[in-house]
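**Student:** Here is my input; please provide its structure:
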Amino acid sequence: MEKPTKTAYSFEVKKEVVQRYLAGEAGMDLAAEFHLSSKELVKSWARAWRQGGDEALMPKPKGRPNGSAKPEPLSEEEKLRRENKRLLAEVAYLKKLRDLRDQGRA
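**Tutor:** This next block holds a predicted model:
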């Protein structure tokens with residue numbers, strides 16, 4: 001058995017389904033006619049349209065917004081703080097390692 005894939009419906013299809021649903025047609029009949037997964041999808045589109053109008057039925061952009069992956073440039077002071085923190089952690093690690101080695105010899 002094949003897994004059903006998530007189908008994306010156009011704005012026009014969604015709008016027609018919602019208009020017909022609000023005009024009184026049964027959600028189950030509309031779902032069967034438009035090959036939708038269930039009548040719940042019709043109800044959710046109608047609910048979204050009531051709350052947000054046509055904009056709510058428009059397809060949403062996928063993925064991460066442009067420019068969100070670029071980190072902000074760090075100030076010189078912040079670079080030095082990070083380096084200092086890294087070096088302090090490295091020194092603490094080496095001290096612990098030395099202490100563990102000295103315990104094994106004693």
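**Student:** Could you look up the SS state of Pro59?
**Tutor:** coil (DSSP: H, G, I helix; E, B strand; the rest coil).
**Student:** cool, the one 4 residues further on as well?
**Tutor:** Using three-state DSSP, the secondary structure recorded for Gly63 is coil.
**Student:** Next: the one 3 residues further on.
**Tutor:** At Asn66 the chain is in coil, as set by three-state DSSP.
**Student:** Find the nearest non-adjacent residue to Ser38, please.
**Tutor:** Spatial nearest neighbour of Ser38, excluding adjacent residues (C-beta to C-beta, 6 or more residues apart in numbering): Ala31 at 5.9 Å. To be clear about C-beta, it is placed using only N, CA and C from the backbone, and glycine gets the same treatment.
**Student:** Need the per-residue pLDDT for the residue positioned nearest the centre of the chain.
**Tutor:** The residue lying closest to the centre of the chain (C-alpha atoms, centre = their mean) is Gly63, at 7.7 Å. In this model, Gly63 is scored at 81, pLDDT.
**Student:** ditto for Lys60
**Tutor:** Checking the pLDDT column for Lys60, the value is 84.
**Student:** Can you report how many residues lie near Arg86?
**Tutor:** As a burial measure, Arg86 scores 10 neighbours (other C-beta atoms under 10 Å).
**Student:** Check the spacing between it and Ser75 real quick.
**Tutor:** The gap separating Arg86 from Ser75 is 17 Å, by C-beta to C-beta, to the nearest Å.
**Student:** and if you look at Pro59?
**Tutor:** 40 Å.
**Student:** Kindly report the same for Arg50.
**Tutor:** Arg50 is 48 Å from Ser75, by C-beta to C-beta.
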